[in-house]
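> here is the input, now give the coordinates:
(one chain, ligands or ions: 2)
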Amino acid sequence: MSILEIRNLHASVGEAEILKGVDLTLRSGEIHALMGPNGSGKSTLAYVIAGHPHYEITEGDILLDGESILDMEADERARAGLFLAFQYPVSVPGVSVANFLRTAVSNVRGYTERRDDNQSGVIGSNLMPMREFRRELNQKMQEYNVDPSFARRYLNEGFSGGEKKRTEVLQMAMLEPKFAILDESDSGLDIDALKVVADGINKLATEDRGFLMITHYQRLLDYVKPTYVSIFHGGRIVQTGGPEVALMLEEKGYSWVEEHFANAEPVSA
Ligand SMILES: Nc1ncnc2c1ncn2[C@@H]1O[C@H](COP(=O)(O)OP(=O)(O)OP(=O)(O)O)[C@@H](O)[C@H]1O
Ligand SMILES: [Mg+2]
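Numbers count the residues shown, from 1 in each chain. Ligands and ions are numbered 1, 2, ... in the order given. Take a look at the predicted model:
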């Protein structure tokens, strides 16, 4: 059992404070949905957890199994078992899906560290051996219904919404993170892409993995049953509960959130 604890987290970009005291605990086996209006800071929270260097943490902590991860670089956090799927995935012309995944998997499984051993004369490689990687990739592509031709395509270049999501799920399946943070741009997702995400999460949601799922709409939650749903507003969590919170949001809308929680105190989720 693993635990990811976000404690009184404050973060800024330049002069602007964006996260204003976030308290959230995520345990393996849980799916925690985070919903809230545009600009409330949801993506910022995801980036800060992943270790994006753009944000300055001014207060608070993030603990993975009791240890602070704030001093870790993004790649160390990935090795520690954190996975972030971006709201706006970048395309990388010239880098195939297979090569990208091989590099990512090699980092997470510690192959990149062996390069240093190399320099000191110990034989090793900084990449997972090709054959082994290929075998595993093929097997996971089959398991997650990803067309084999995908592996040769350039990452996200010309990918449809559904294809991007499929790549993301495949990436998760290969990296086997302890915690996955998914920032969903539902606006661009057609129903097919939504189902890809949902099927992927449901398949990967084992009892030793936790999900933080950022989403705008209830509709993703029609396919993925969250353990908890929290409302994010003004850089913090203002309400938390079960799936009924998402239903309430759907009914009342975000203008209600803006009004109702205008001066709300933060809560722990
Ligand atoms: N790098 C940055 N530079 C300046 N302002 C930023 C930066 N990143 C985020 N912000 C600001 O922080 C606020 C929160 O942005 P964020 O993207 O986290 O919101 P969000 O809740 O994910 O919104 P959405 O629902 O539209 O995805 C916004 O006002 C945004 O303009
Ligand atoms: Mg966002």
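
> for the protein, which residues are neighbours of ligand 1?
Selection of the chain residues close to ligand 1 by CB under 6 Å from any ligand atom yields 13, 16, 18, 36, 38-44, 54, 87. Where you see a C-beta, it was placed from the backbone N, CA and C, and this is true even at glycine.

> tell me which two of the residues you listed sit farthest apart.
36 and 54 (20.4 Å; CB to CB).

> check what pLDDT residue 192 gets.
Listed pLDDT for residue 192 reads 80.

> distance of residue 68 from ligand 1?
Residue 68 is 22 Å from ligand 1, where distance means CB to the nearest ligand atom, to the nearest Å.

> show the model's pLDDT score for that residue.
98.

> identify the bridge partners of the closest residue in space to it that isn't next to it in sequence.
Once flanking residues are discounted, residue 68 sits nearest to residue 61: 5.3 Å by CB to CB, 6 or more residues apart in numbering. Residue 61 forms beta bridges with residue 7, as assigned by DSSP bridges.

> my guess is residue 205 meets residue 32, correct?
No. Counting by CB atoms under 8 Å, residue 205 stays clear of residue 32, with 11.5 Å between them.

> and these two? Which one has more around it.
residue 32 (23 against 18; other CB atoms under 10 Å).

> who touches that one in this structure?
Taking CB atoms under 8 Å, 6 or more residues apart in numbering, we find residue 32 in contact with 24, 26, 210-213, 226-230, 269.

> change it to 7 Å
When contacts are counted by CB atoms under 7 Å, 6 or more residues apart in numbering, residue 32 touches 26, 211-213, 226-228, 230.

> residue 72: neighbouring residues, count only.
Residue 72 - counted by other CB under 10 Å - has 17 other residues nearby.

> what of residue 155?
Counted with other CB under 10 Å, the neighbours of residue 155 add up to 21.

> now do the phi/psi pair for it.
phi -50, psi 120 (degrees, to the nearest 10).

> relative to residue 67, how far out is the residue of the stretch 1-150 of the chain at minimum distance from ligand 2?
Residue of the stretch 1-150 of the chain nearest ligand 2, by CB to the ion: residue 43 (3.1 Å). Going from residue 43 to residue 67 by CB to CB, to the nearest Å gives 25 Å.

> could you do residue 2 as well?
Distance, residue 2 to residue 67, by CB to CB: 11 Å.

> neighbour count: the two, which is higher?
Using other CB under 10 Å as the criterion, residue 2 and residue 67 rank with residue 2 on top: 17 against 12.

> which residues does the more buried one contact?
28, 65, 81, 178.

> hmm, try it at 10 Å
Taking CB atoms under 10 Å, 6 or more residues apart in numbering as the contact definition, residue 2 lies against 26-29, 64-65, 80-81, 177-179, 208-210.

> and these, which two are the farthest apart?
29 and 80 (18.4 Å).

> show me what secondary structure element comes after the lowest-mean-pLDDT helix or strand in the chain.
Across the helices and strands of the chain, mean pLDDT, DSSP states H and E gives its lowest value to helix 114-119, namely a mean of 52. For helix 114-119, the following helix or strand on the C-terminal side (DSSP states H and E) is helix 130-143.

> list the buried residues for that following helix?
Going by neighbour count (16 or more other CB atoms under 10 Å), the buried part of helix 130-143 is 133, 137, 140-141.

> spatially central residue for this structure, please.
In the chain, the centroid-proximal residue (CA atoms, centre = their mean) is residue 181; its distance is 2.1 Å.

> following the helix or strand that one falls within, which helix or strand comes up?
Using DSSP H and E, residue 181 sits in strand 179-183. Following strand 179-183 in sequence order, the next helix or strand is helix 191-204 (DSSP H and E).

> and the residue nearest to residue 157 when sequence neighbours are not counted, how many neighbours does it have?
Nearest residue to residue 157 in three dimensions, chain neighbours excluded: residue 91, at 4.4 Å (CB to CB, 6+ apart). Residue 91 has 12 neighbours, counted by other CB under 10 Å.
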